[in-house]
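Trainee: Dropping the sequence and predicted coords here.
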Amino acid sequence: MQGTLPCSDGERQVLLVAASIAGGIPVDLREAALCMDAANAARVALAVCHAAGRRVRVVTETCP
C-alpha cells in the first residue's frame, strides 16, 4: 500500500512524536505512550530531552 510504513503501532507512535517535535504536529501523548515498549519509550524520552536542550542518558531495565 502506497503511503504507509511497515512498522508496529509502537514504532508508528515514535514517528508521530518525532514529527510533533520537528514540525509542531499535534500528537496524543497518552495514546502514544500506551502503545510503546520500554525501548521506544526511552527513545521518545531522549528525543524530548534533546529537543529541550538537555543532554541526558536514558537507562531501561526489564523486570524479571
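Mentor: That came in fine, so what should we check first?

Trainee: average pLDDT across the helix or strand where Ala32 lies?
Mentor: Element membership for Ala32, per DSSP states H and E: helix 29-35. Per-residue pLDDT over helix 29-35 has a mean of 91.

Trainee: And it, how far out from the chain middle?
Mentor: Here the centre of helix 29-35 is set off from its chain's centre by 9 Å, with CA atoms, centre = their mean, to the nearest Å.

Trainee: What is the subsequent helix or strand relative to it?
Mentor: Following helix 29-35 in sequence order, the next helix or strand is helix 38-51 (DSSP H and E).

Trainee: rewinding a little: can you give the contact residues for the helix holding Ala32?
Mentor: By CB atoms under 8 Å, 6 or more residues apart in numbering, the residues outside helix 29-35 that reach it are 9-10, 12-14, 16-17, 41, 44. C-betas here are computed from N, CA, C, even on glycine.

Trainee: Kindly reformat the residues you listed as CSV and extend each row with neighbour count.
Mentor: Listed next are these as CSV, based on neighbours: other CB atoms under 10 Å:
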residue, neighbour count
Asp9, 11
Gly10, 17
Arg12, 16
Gln13, 23
Val14, 20
Leu16, 19
Val17, 23
Ala41, 18
Val44, 21
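
Trainee: Restricted to strands, list these.
Mentor: Judged by DSSP state E, strands contain none of the contacts of helix 29-35.

Trainee: which one of those residues is nearest Ile25?
Mentor: Leu16 (7.4 Å; CB to CB).

Trainee: Apart from its neighbours in sequence, what residue is nearest the closest one?
Mentor: Leaving aside its chain neighbours, Leu16 sits nearest to Val27 (4.8 Å; criterion: CB to CB, 6 or more residues apart in numbering).

Trainee: so who does the one you found touch?
Mentor: 13, 16-17, 19-20 are the contacts of Val27 under CB under 8 Å, 6+ apart.
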